[in-house]
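Q: Structure, please.
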Amino acid sequence: MIKKLYFVAILTLAATSSQAVSISYDFTQGGYEEGAVVTGSFTAEDINTDGQIDGFSGEVSDFSMSFSGNSLVAAFDLLFVDLFSLVYDMDGTIGDGATEGMAATNFFFSFDVGASPFAPPYPLIGGIGDFFTPGASVSSELVIVTAATNSGAADVPDSGPTVALLGLGVLAIATARRRLR
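A: Model (predicted):
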């Protein structure tokens, strides 16, 4: 009986050590007129472990991007508050999957990139827009994404399953202790 008690205690401790970690990703996209480039980063966590980062599911916690500028569209930056959507298949690029893409706007400038539903094999549509001067810049290059590092934020305990398993462990210990008396 004591062996079972120790086994349950060890499983409970192992369950309480699970962590949910946000990862920072850097991205870049070239191919815009006059050599202009987009660079940026986002912080995300694949919460549902489906192999896809989905901003609509609350998996993106930070975002920033910069466009270097050209004669068509001036240089600008966008932040997390400007992000409308971000879907990334976690395969190193954005634009080679039918559901991947990013869209951000601050109502002065916009950044939109993703696969087109209009013509298989889903050519990439990348666009930078300026709403006040009718300028636009486009790219057909994939967005290159690299996992940078742990976001630097403290690891957050995955509280749902952890608390449930901890409660089951305490209950098992109390039951075993009662039977020993």
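
Q: hey, let's count contacts and neighbours off CA atoms from now on
A: Fine.

Q: Helices of this protein, start to end?
A: Applying DSSP state H to the chain gives helices spanning 2-16, 159-180.

Q: Out of these, which gets the lowest mean score?
A: With a mean of 56, helix 2-16 has the lowest mean pLDDT of those.

Q: tell me which helix or strand of this protein sits lowest on mean pLDDT?
A: Least confident helix or strand, the chain: strand 156-157 with a mean of 48, by mean pLDDT, DSSP states H and E.

Q: what bits of the chain have low per-residue confidence?
A: 1-20, 116-124, 149-168, 170-171, 180-181 (pLDDT under 70).

Q: one more time with 50
A: 16-18, 119, 151, 154-158 (pLDDT under 50).

Q: Break it into its domains for me.
A: Listed domain ranges for the chain are 1-18+158-181, 21-156 (source: automatic domain parsing).

Q: State the distance from Q52 to G97.
A: 11 Å (C-alpha to C-alpha, to the nearest Å).

Q: what do those two both touch?
A: Overlap of the contact sets of Q52 and G97 (by C-alpha atoms under 8 Å, 6 or more residues apart in numbering) consists of D89.

Q: quick one on the thing from earlier: could you redo the domains of the chain as TSV and give each row mean neighbour count?
A: Formatted as TSV, the domains of the chain follow (neighbours: other C-alpha atoms under 10 Å):
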stretch	mean neighbour count
domain 1-18+158-181	14
domain 21-156	18
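
Q: and for stretch 43-57, what are the contacting residues?
A: Under the criterion C-alpha under 8 Å, 6+ apart, residues 20-25, 59-63, 85-90, 151 lie in contact with stretch 43-57.

Q: Let's see that with 6 Å instead.
A: Outside stretch 43-57, the residues within contact range by C-alpha atoms under 6 Å, 6 or more residues apart in numbering are 22-24, 59-62, 85-90.

Q: Tell me which residues touch F67, please.
A: Applying C-alpha under 6 Å, 6+ apart to F67 gives the contacts V37, V38, A75, F76.

Q: from these, which is closest to G114?
A: V38 (13.9 Å; C-alpha to C-alpha).

Q: any idea what sits nearest that closest one, other than its immediate chain neighbours?
A: F67 (4.6 Å; C-alpha to C-alpha, 6 or more residues apart in numbering).
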